[in-house]
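Novice: build me a model from this:
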Amino acid sequence: MNLMPLSAYPDVLSTIARWHFDEWGRLYPGETLADFERGLEASMESGAVPGTWLLMDGEEVVATASLLHTDMSSNPDFSPWLANVYVRPDQRGKGLGARVVTEVMHLAHRFGLEALYLFTEDQQAFYQRLGWAVHHREHYHGAEVAVMVHKFQ
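Specialist: Numbers count the residues shown, from 1 in each chain. Take a look at the predicted model:
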């Protein structure tokens, strides 16, 4: 399996946008599937942030992760964010989430980023195993979330 930028596979953008919208759309009230597509299009530009990467098994996308300038309207001073960490349902339980997160974290570090933020409803323990710490908890658009940080050494 290889980590590839979304820009290398632009034909999968609408599929990935649908996955992300179905998974997290409720956390972004007022945003549509088209908004999710536009966000992914913006992450196809060159550079680290914004950027979206795909974990590919041959020609199939099995997982995704992005680096974004912002991901939570309630925390505009935090940047950049690890977001869109998604593993296709039929591929879960194989360690692919840890792999895509770890590889994108390594990219972020190589790009010179000093810290990353993320928020999660239910995967706090997963991220803690990968070296993340809880920054704080908050109620966000109807969900209780942990805002987490990872500082590179």
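Novice: gap between the nearest residue to Val104 once chain neighbours are set aside and Glu103?
Specialist: Among residues not flanking Val104 along the chain, Ala65 sits closest, at 4.4 Å (C-beta to C-beta, 6 or more residues apart in numbering). (C-beta placed from N, C-alpha, C; glycine too.) Distance check for Ala65 against Glu103: by C-beta to C-beta, to the nearest Å, it reads 8 Å.
Novice: just Val61 next, same as before
Specialist: Val61 is 14 Å from Glu103, by C-beta to C-beta.
Novice: next one: Pro5
Specialist: Applying C-beta to C-beta to Pro5 and Glu103 gives a distance of 12 Å.
Novice: re earlier: neighbour count winner among Ala65 and Glu103?
Specialist: Ala65 (27 against 17; other C-beta atoms under 10 Å).
Novice: what's the strand or helix carrying that one packed up against?
Specialist: Assigned by DSSP states H and E, Ala65 falls within strand 60-68. Counting contacts by 3 or more C-beta pairs under 8 Å, 6 or more residues apart in numbering; DSSP states H and E, strand 60-68 packs against helix 13-24, strand 51-57, strand 81-87, helix 96-110.
Novice: and with 10 Å instead?
Specialist: If you count contacts as 3 or more C-beta pairs under 10 Å, 6 or more residues apart in numbering; DSSP states H and E, strand 60-68 packs onto strand 2-5, helix 13-24, helix 33-42, strand 51-57, strand 81-87, helix 96-110, strand 115-120.
Novice: Val49 sits in which helix or strand?
Specialist: Short version: Val49 belongs to no helix or strand, going by DSSP H and E.
Novice: returning to what we had before: can you put the helices and strands packed on strand 60-68 in CSV and add distance to Ala133?
Specialist: Converted to CSV, the helices and strands packed on strand 60-68 look like this (distance: least, C-beta to C-beta, whole Å):
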stretch, distance to Ala133
strand 2-5, 24
helix 13-24, 22
helix 33-42, 27
strand 51-57, 23
strand 81-87, 13
helix 96-110, 14
strand 115-120, 11
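Novice: nearest to Phe152, of the ones you listed?
Specialist: Across the helices and strands packed on strand 60-68, Phe152 has its closest neighbour in helix 96-110 (4.8 Å, C-beta to C-beta).
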